[in-house]
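K.L.:
heads up, no residue letters with this:
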């Protein structure tokens, strides 16, 4: 579900770059429908090859098709009052370390300017959400810190923090005799009745000293270790790949 929502959003944002500012208010339903169809056709072909679950794909795409128009309507001020610097943009910034230049690459969900400061915009899809502890679970992790660092290097400004854009996965279940179209219709009505339940945003702040400390104590040591590995000095032991829910790989020791 999370991959489905994020990939379809990526398609819509990419299409929006070719249109006028009023695109989101005037053509969003068509954009969502076209992007969902394109996503489903692409994934269906891959699933057919791999022999995986088509029903789950149809359900996720169906939910996306009724959820995303309501999401864009709920946050319509994003496209009227927010200054976007990046939206689903790839970054590629150099890091000079020990005399070598390393390319640090990734893709922002978004970068926006709010009251002069730059903020990372990060979309998360979740099912059950505990309101009191949501920010504990959405910790500022390696990925988010890497995005902060890339914003600093790309724009020459330290970011103020991250806007977690949370899209909740519907918790409704399809009835045994309920058709998929009926189930999706019930989800659509539930989102319409409770948009605050499905769409949330939380802000996590960071200051300059925290980012500089992370760069020196965590990020650069990680890059050095990766360089040591790629240069052939030692090897990487992926312990997680050696275990499963039933047994351990005989070579784990």
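P.N.:
Sure thing, it's come through. Because the structure is a prediction, the values reported are computed rather than measured. Numbers count the residues shown, from 1 in each chain.

K.L.:
Just the pLDDT for residue 146.
P.N.:
Per-residue confidence (pLDDT) for residue 146: 94.

K.L.:
give me every residue that touches it.
P.N.:
104, 106, 219 (Cβ atoms under 8 Å, 6 or more residues apart in numbering). For the C-beta atoms, the positions are set from N, CA and C on the backbone; glycine is no exception.

K.L.:
Could you rerun that using 7 Å?
P.N.:
Contacts for residue 146 were tallied using Cβ atoms under 7 Å, 6 or more residues apart in numbering; they are residue 106.

K.L.:
for whichever helix or strand residue 209 is part of, packing partners?
P.N.:
Using DSSP states H and E, residue 209 sits within helix 208-214. Packing contacts for helix 208-214, counted by 3 or more Cβ pairs under 7 Å, 6 or more residues apart in numbering; DSSP states H and E, involve helix 142-155.

K.L.:
Show me which residues of the helix it packs on are buried.
P.N.:
Going by neighbour count (16 or more other Cβ atoms under 10 Å), the buried part of helix 142-155 is 144, 145, 146, 147, 148, 149, 150, 151, 152, 154.

K.L.:
Nearest to residue 172, out of the residues you listed: which one, please.
P.N.:
residue 144 (30.5 Å; Cβ to Cβ).

K.L.:
separation between the residue nearest to residue 175 when sequence neighbours are not counted and residue 64?
P.N.:
Once flanking residues are discounted, residue 175 sits nearest to residue 183: 7.3 Å by Cβ to Cβ, 6 or more residues apart in numbering. In this view, residue 183 and residue 64 are 14 Å apart by Cβ to Cβ, to the nearest Å.
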